[in-house]
Structure formats: structure tokens, C-alpha cells
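Q: no sequence for this one, just the structure:
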């Protein structure tokens, strides 16, 4: 079984910073792309940032220049460093990983974390 566990989010003031991390564990053969998504109340889940195994990154326009995604391939972890946070960044943040799980029937599948709340408010 594969699990993705995110760190705790939190409540911060506008302009402050916050770091999220996500670790994949379990019967893992390989991890490909890892991504952060977020979902605000009443809105669709949206891609925030993604990173390939090789380190190529992509960001939503709304977070470019403020958020940075990074990964540690040896530990199957990703980090989202969020700076200059705005109230509109308030959402539940989810990590997602494309994982080749071990076992007799190895296949690539997407796994999701449980989500962590980030609230930006004065």
C-alpha cells in the first residue's frame, strides 16, 4: 500500500510564509511526477505546482514568483514553500504523486494525500 502524508498547514497573516511538505511511503518502486493541488470552498480543485523526477517545475499563474516546489527523490518527498501569502490562497492543499507500487501486478497509479488546511487571514 502507498500513503501520502502532508504536514500540517496553518493560519497565517497576509504577506507571511508557510511551508508544506508531503512524504510518500509504502511499497514503492518509483515515483514520477509529484504535485500540489488546492481546493477552496465552492471551487474546483486546481493545480498549484508540479515537479518531475528530473526537477522540472510548473506553477499556476496565480502563484508564480511566490511559491516554490522542490523534491527529495531519495526520500520521496516534496515541499511547497509559500511566500507573500494572500487571502485568496486560503484552501485545503493536497499533494499527489504518480507512483509505481510494488507487488505482483506493478502499475503506475495516482495517489493523494489527505489534505491540509491553509488559511490566510488578518
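A: Perfect, I can see it now. Here the structure is a predicted model, which means the values were calculated and not measured.

Q: partners of the helix or strand containing residue 109 in the sheet?
A: Using DSSP states H and E, residue 109 falls within strand 108-112. Strand pairing for strand 108-112, determined by DSSP bridges: strand 91-101 (antiparallel).

Q: Show me which positions of the partner strand end up buried.
A: For strand 91-101, the neighbour count (16 or more other C-beta atoms under 10 Å) marks 91, 92, 93, 94, 95, 96, 97, 98, 99, 101 as buried. Any C-beta I mention is one placed from the backbone N, CA and C, and that applies to glycine too.

Q: surely the first one meets residue 115?
A: Same thing as residue 91. No - with contact defined as C-beta atoms under 8 Å, residue 91 does not count as touching residue 115 (9.3 Å).

Q: intersection of neighbour lists for these two?
A: residue 39 (C-beta atoms under 8 Å, 6 or more residues apart in numbering).

Q: now the farthest one out in the chain, which residue is it?
A: In the chain, the residue that sits farthest from the middle, by C-alpha atoms, centre = their mean, is residue 104; the gap is 28.6 Å.
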